[in-house]
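Trainee: return atomic coordinates for the entry below.
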Amino acid sequence: MALSTSLNSVSIITKASLTNNPITLNLLKTNPSLKTYLKLNPISKPSSLSLFTQPSKLRSKIQYFRRPTIRSLFTGIVEEMGEIKQLGMADHGGFDLKIHAKTVTEDIHLGDSIAVNGTCLTVTDFDTRLGEFTVGLAPETLRKTSLSELEPGSLVNLERAIQPTGRMGGHFVQGHVDGTGEIVGKEVEGDSLWIKVKVDKSLLKYVVPKGFIAVDGTSLTVVDVFEEELSFNFMLVAYTQQKW
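Mentor: Numbers count the residues shown, from 1 in each chain. Got it, this is the predicted structure:
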């Protein structure tokens, strides 16, 4: 679920404390130590590892090349917070999520990619007059993310896929969620807020200090990693606290 705080709410927190109701977050990681020809998802089974390799045999002297797959990219800079209007099983048998939003529906089209709490989803229906759009959720998406915990009225972070003609701030994020985490601590320092998140050991080994991680679609910089506690932390500046 999306984490949203305000200056009024965080000003009364004076020291690190455990939350009574842990908040589940969608996490996306980067691993700067991986070579560029290796792509993997640490949560996936070993068989899902993808390597760029050359075919063992060529059918002719002509070398054939596959057309590269075009994937959506995001920056982790949230454009707006949308409101969940409806979610659940649809007539076609799938799981649909309908969201009310203003900014991302201005130039929306069928098939567009929109990151919802950091999860890249495809627009299957929209109504620009009402400012609403619908996305479908696959069973694997429901298993790997916290989107199934949403309910009507919940707020979600939204970002449209970036275009090469615009400014590319933040970090490059594919919107492929690797796992979820729980907020286990908060601490105020000045007008900033420290957040500590606990994750599975299989995911933590890919989190590095000063690397970046997308939490509910928000691009953030990892400050420290606590291996014994299976957690890491980051800091939210005042602006991010109000917009996230």
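Trainee: near the nearest residue to residue 234 once chain neighbours are set aside, how many other residues are there?
Mentor: Leaving aside its sequence neighbours, residue 234 sits nearest to residue 220 (C-beta to C-beta, 6 or more residues apart in numbering; 4.5 Å). For every residue, glycine as well, the C-beta is placed using N, CA and C. Number of residues near residue 220 (other C-beta atoms under 10 Å) recorded here: 21.
Trainee: the one 10 residues further on now?
Mentor: By other C-beta under 10 Å, 16 other residues sit near residue 230.
Trainee: ok, now residue 80?
Mentor: 16.
Trainee: thinking again about what came up before, the residue nearest to residue 234 touches residue 210, doesn't it?
Mentor: No. The criterion here is C-beta atoms under 8 Å, and residue 220 misses it with residue 210 at 11.5 Å.
Trainee: shared neighbours, these two?
Mentor: With contacts taken as C-beta atoms under 8 Å, 6 or more residues apart in numbering, residue 220 and residue 210 have no neighbour in common.
Trainee: export stretch 159-177 to PDB, keeping only CA atoms.
Mentor: Only the C-alpha atoms of stretch 159-177 are listed here, as PDB (Å, rounded to 0.1, in the frame of the first residue of the first chain):
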ATOM      1  CA  GLU A 159       3.700   7.700 -13.100                       C
ATOM      2  CA  ARG A 160       3.400   7.400 -16.900                       C
ATOM      3  CA  ALA A 161       6.200   5.800 -18.900                       C
ATOM      4  CA  ILE A 162       8.900   8.300 -19.900                       C
ATOM      5  CA  GLN A 163       9.400   9.600 -23.400                       C
ATOM      6  CA  PRO A 164      12.800  10.200 -24.900                       C
ATOM      7  CA  THR A 165      11.800  13.800 -25.700                       C
ATOM      8  CA  GLY A 166      11.300  14.800 -22.000                       C
ATOM      9  CA  ARG A 167      13.600  15.200 -19.000                       C
ATOM     10  CA  MET A 168      14.700  12.000 -17.500                       C
ATOM     11  CA  GLY A 169      15.100  12.700 -13.800                       C
ATOM     12  CA  GLY A 170      15.300  10.200 -11.000                       C
ATOM     13  CA  HIS A 171      16.500   6.800 -11.900                       C
ATOM     14  CA  PHE A 172      15.600   4.300 -14.600                       C
ATOM     15  CA  VAL A 173      13.000   1.800 -13.300                       C
ATOM     16  CA  GLN A 174      11.300  -0.900 -15.300                       C
ATOM     17  CA  GLY A 175       8.300  -1.300 -13.100                       C
ATOM     18  CA  HIS A 176       9.100  -5.000 -12.500                       C
ATOM     19  CA  VAL A 177       8.500  -5.600  -8.800                       C
END
